[in-house]
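Asker: No letters, just coordinates:
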């Protein structure tokens, strides 16, 4: 008997990964708080499209609104629950799904940010697995339709990295690797925390900048001031992560120390950083994606700024490392969210922090 799988949060990443699992015949149930999304999935299935290389397709799925989840009490419990909610919704979503888990069931954080400890606070550390989606560039563009601003990465870039919090390789992380590999390239890592912080740095360099400028990645990277402000954000985050003892992986396919030195003003590192980022954005379709926080701002949703750049600031304060660029960005994004400022690149350009 196969695993019963819950996808808690059928947003961009949850819908994209879950759709591939459902299409492959896995027993998947989507649970989502957006009524229009649930009703569209029920009536029409889940549509998946890509900007290139992959034909559009639709798969029938089982979808439940939050208020319908109680009917699962009469069914076999879930073996695996992927929590794919925004970070600020992690705790209540885990509390909700935990009561429908099998005794040996576990929760997989397929999210941005560092949410494993929050999940462990509900179900215990023994029931937590981490899974990172790296440079996946997806958005839920309309109810029941998830779109990826690329083709499949395949062997060009490993999208999914899954691991145990203790770093050992287990059967269950191999199973998560199998499931997410139905979507795109995947690996098992013994360095979950280093992978997590590396992804946090990636997000810190792009998400908030898109949210407070209104720009897509391409337009940010082609502006010298904004691109180098991104390096400054990354530099601060990398130095905090290194001080905390994380073994960082490549970030944007660049050695983290190159980004750190570029953000600190090293001329040779800046040239290398600039060349790599501009090469990336000048590829066909490069940088045409709006990062998730930018999507949130366009949709009028709460951003994850406190869980990305704000977390870097708080962790830096605890160990005595200043993070002025991340602090300034966090403040500006919150002011744009509240409507005190309109999204505009000048908010960052006028800081003159880089």
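Answerer: Received it, and whenever you're ready, just let me know what you need. Note that the structure is predicted; figures quoted are calculated from it, not measured. Residues are numbered from 1 along each chain as shown.

Asker: ranges for the strands of this protein?
Answerer: Along the chain, counting by DSSP state E, strands occupy 4-8, 27-32, 46-50, 57-59, 62-65, 78-83, 101-110, 128-133, 138-142, 145-148, 160-164, 186-188.

Asker: can I get those in CSV with mean neighbour count, distance to residue 334 and mean pLDDT?
Answerer: In short, each C-beta sits where N, CA and C put it, glycine included. Converted to CSV, the strands of the chain look like this (neighbours: other Cβ atoms under 10 Å; distance: least, Cβ to Cβ, whole Å; pLDDT from 0 to 100):
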stretch, mean neighbour count, distance to residue 334, mean pLDDT
strand 4-8, 25, 27, 98
strand 27-32, 24, 27, 98
strand 46-50, 20, 33, 97
strand 57-59, 15, 38, 98
strand 62-65, 18, 30, 98
strand 78-83, 26, 25, 98
strand 101-110, 20, 24, 98
strand 128-133, 24, 25, 98
strand 138-142, 19, 22, 95
strand 145-148, 22, 28, 96
strand 160-164, 25, 30, 98
strand 186-188, 17, 35, 97
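
Asker: Figure out which of the ones you listed is closest to residue 341.
Answerer: Nearest to residue 341 among these is strand 138-142; the distance by Cβ to Cβ comes to 23.7 Å.

Asker: Spatially central residue in this structure, please.
Answerer: Nearest residue to the geometric centre of the chain (Cα atoms, centre = their mean): residue 112, 3.4 Å.

Asker: Include distance to residue 220 when you put the strands of the chain into a markdown table, please.
Answerer: A markdown table is the format used below for these (distance: least, Cβ to Cβ, whole Å):
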| stretch | distance to residue 220 |
| --- | --- |
| strand 4-8 | 31 |
| strand 27-32 | 30 |
| strand 46-50 | 22 |
| strand 57-59 | 31 |
| strand 62-65 | 35 |
| strand 78-83 | 29 |
| strand 101-110 | 26 |
| strand 128-133 | 21 |
| strand 138-142 | 17 |
| strand 145-148 | 20 |
| strand 160-164 | 25 |
| strand 186-188 | 28 |
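
Asker: out of those, which comes closest to residue 284?
Answerer: strand 46-50 (13.1 Å).

Asker: who wins for proximity to residue 321 among the strands of the chain?
Answerer: From the strands of the chain, taking Cβ to Cβ, the stretch that ends up closest is strand 128-133, at 23.8 Å.

Asker: Which neighbouring elements make contact with the closest one?
Answerer: Helices and strands touching strand 128-133, by 3 or more Cβ pairs under 8 Å, 6 or more residues apart in numbering; DSSP states H and E, are strand 101-110, helix 116-123, strand 160-164, helix 171-180, helix 192-204.

Asker: If we use 6 Å, what do you get?
Answerer: Where contact means 3 or more Cβ pairs under 6 Å, 6 or more residues apart in numbering; DSSP states H and E, strand 128-133 is packed against strand 101-110, helix 116-123, strand 160-164, helix 192-204.

Asker: need those in JSON lines with distance to residue 311, can you?
Answerer: Formatted as JSON lines, the helices and strands packed on strand 128-133 follow (distance: least, Cβ to Cβ, whole Å):
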{"stretch": "strand 101-110", "distance to residue 311": "15"}
{"stretch": "helix 116-123", "distance to residue 311": "12"}
{"stretch": "strand 160-164", "distance to residue 311": "19"}
{"stretch": "helix 192-204", "distance to residue 311": "7"}
